[in-house]
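> Would you be able to build a 3D model of this:
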Amino acid sequence: MNPDDLIGLVAVVFLFGGGTLFLLAISPVGKALAARILGKKRAIADDEETVEDVRELRREVEEMRHFGEQMSELGERVDFLERLVAKQREAERLPPAR
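Residues are numbered from 1 along each chain as shown. Sure thing, here's the model as predicted:
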């Protein structure tokens, strides 16, 4: 085998191998491997924090679902009070019955 051919082959292997390793390093799989190598405690702490954030967001969404019901109930109450006030004003304007 010609030494020039070997140099070209090694260059191609290093180019494609290096590119593949770089892409693996920036992918989620590479980040998971890095977290595993560094230790599980760090990854677990991040996961627990994420889980707590998701729980908090779910609670907030559940509270917001009830806002529509509460707003319609408040609207009904305002309508009732407006009718009540209007009746009182009409009774004050009418002349006394004879």
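> Okay, residue 26 and residue 20: tell me how far apart.
11 Å (Cβ to Cβ, to the nearest Å). C-beta coordinates here come from the backbone N, C-alpha and C atoms, glycine included.
> what do you get for residue 71?
56 Å.
> do residue 89 as well
Counting by Cβ to Cβ - residue 89 and residue 20 are separated by 82 Å.
> One more: residue 11?
Where residue 20 is concerned, residue 11 sits at a distance of 15 Å (Cβ to Cβ).
> before we move on, what about residue 49?
For residue 49, the distance to residue 20 - Cβ to Cβ - is 32 Å.
> ditto for residue 5
22 Å.
> shaky segments in the protein?
1, 40-46, 91-92, 94-98 (pLDDT under 70).
> the longest helix in this protein is where?
Taking DSSP state H as the criterion, the chain has its longest helix at helix 40-93.
> which helices and strands sit right next to it?
On a contact count with 3 or more Cβ pairs under 8 Å, 6 or more residues apart in numbering; DSSP states H and E, helix 40-93 meets helix 28-38.
> quick one: buried residues of the helix it packs on?
residue 35 (16 or more other Cβ atoms under 10 Å).
> next one: it to chain centre, how far?
23 Å (Cα atoms, centre = their mean, to the nearest Å).
> now it against helix 40-93, angle please.
120 degrees (axes from the mean of the first three to the mean of the last three Cα atoms, to 10 degrees).
> could I have helix 28-38 exported to CSV, CA atoms only?
Extracted in CSV, the C-alpha atoms of helix 28-38 (Å, rounded to 0.1, in the frame of the first residue of the first chain):
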residue,chain,number,x,y,z
PRO,A,28,-29.2,15.6,23.6
VAL,A,29,-27.6,12.2,23.6
GLY,A,30,-24.1,13.7,24.1
LYS,A,31,-25.3,16.0,26.8
ALA,A,32,-27.0,13.0,28.6
LEU,A,33,-23.7,11.1,28.4
ALA,A,34,-21.8,14.0,29.8
ALA,A,35,-24.2,14.3,32.7
ARG,A,36,-23.8,10.6,33.3
ILE,A,37,-20.0,10.9,33.3
LEU,A,38,-20.1,13.9,35.7
